[in-house]
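Student: what follows is a predicted structure for the sequence shown.
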Amino acid sequence: MFSALQSTPWAYPALEVVHIVGIALLVGNLVALEMRVFGRAAVLPVRDLAKLSLTIALSGFALAAASGSLMFATQPAELLANQAFLIKMGLLLLAGCNALWFHGRHSLLKLDLLARVQMLSSTAIWLAVIFCGRWIAY
């Protein structure tokens with residue numbers, strides 16, 4: 001499998017496309033939910049939108065994680081020596097902790113100032129993850 005990713009000219013770029021689609025599904029749906037938390041599209045019930053957008057976001061995360069794991073497997077030593085990759089992994093951990101905190105305190109039911117700060121933090125963290133992901137190649 002890994003040799004095919006390295007030897008077939010289109011395989012790795014195709015995997016990168018899958019990775020980007022996963023990221024788009026993840027971040028796009030988180031931003032849509034964030035807009036609702038900030039009062040946009042107020043006619044949409046938060047719980048219903050959250051159920052839909054978080055399901056799609058988690059699917060996007062699974063797609064990005066699976067494709068990212070395959071990309072990592074093709075060059076683990078190089079990536080572990082890459083500072084942008086290490087920062088990206090730390091940011092992913094931070095994003096997970098923020099999500100656990102957000103859902104653990106039932107922020108979608110509260111929609112208070114802390115929930116909004118958590119949502120903004122989430123978006124900022126995910127944008128930093130994307131930035132680091134692009135920086136890995138350079």
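Tutor: Received it, and whenever you're ready, just let me know what you need. Numbering: from 1, shown residues only.
Student: so which helix or strand takes in residue 32?
Tutor: helix 11-37 (DSSP states H and E).
Student: average pLDDT for that helix?
Tutor: For helix 11-37, the mean pLDDT works out to 94.
Student: give the buried residues for it.
Tutor: Residues of helix 11-37 classed as buried: 11-12, 15, 18-19, 22-23, 25-27, 29-34, 36-37 (neighbour count, 16 or more other Cβ atoms under 10 Å). Bear in mind the C-beta positions are built from the backbone N, C-alpha and C, glycine included.
Student: what does stretch 116-133 give?
Tutor: Neighbour count says stretch 116-133 has 116, 118-119, 122, 125-126, 128-130, 132-133 buried, by 16+ other Cβ under 10 Å.
Student: which one of those residues is nearest residue 71?
Tutor: Relative to residue 71, the closest of the buried residues of stretch 116-133 is residue 133; by Cβ to Cβ it sits at 10.0 Å.
Student: helices along this structure, start to end?
Tutor: 2-7, 11-37, 46-74, 76-80, 83-104, 107-110, 113-136 (DSSP state H).
Student: re the thing from before, in JSON lines, list the buried residues of stretch 116-133 along with distance to residue 92.
Tutor: Putting the buried residues of stretch 116-133 into JSON lines (distance: Cβ to Cβ, whole Å) gives the following:
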{"residue": "116", "distance to residue 92": "22"}
{"residue": "118", "distance to residue 92": "16"}
{"residue": "119", "distance to residue 92": "18"}
{"residue": "122", "distance to residue 92": "12"}
{"residue": "125", "distance to residue 92": "9"}
{"residue": "126", "distance to residue 92": "9"}
{"residue": "128", "distance to residue 92": "10"}
{"residue": "129", "distance to residue 92": "6"}
{"residue": "130", "distance to residue 92": "11"}
{"residue": "132", "distance to residue 92": "9"}
{"residue": "133", "distance to residue 92": "10"}
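Student: now, which of these sits nearest residue 48?
Tutor: Checking those one by one against residue 48 (Cβ to Cβ), the nearest turns out to be residue 119, at 17.3 Å.
Student: hmm, residue 33 and the closest one touching each other?
Tutor: Yes. In terms of Cβ atoms under 8 Å, residue 119 counts as a neighbour of residue 33; the distance is 7.5 Å.
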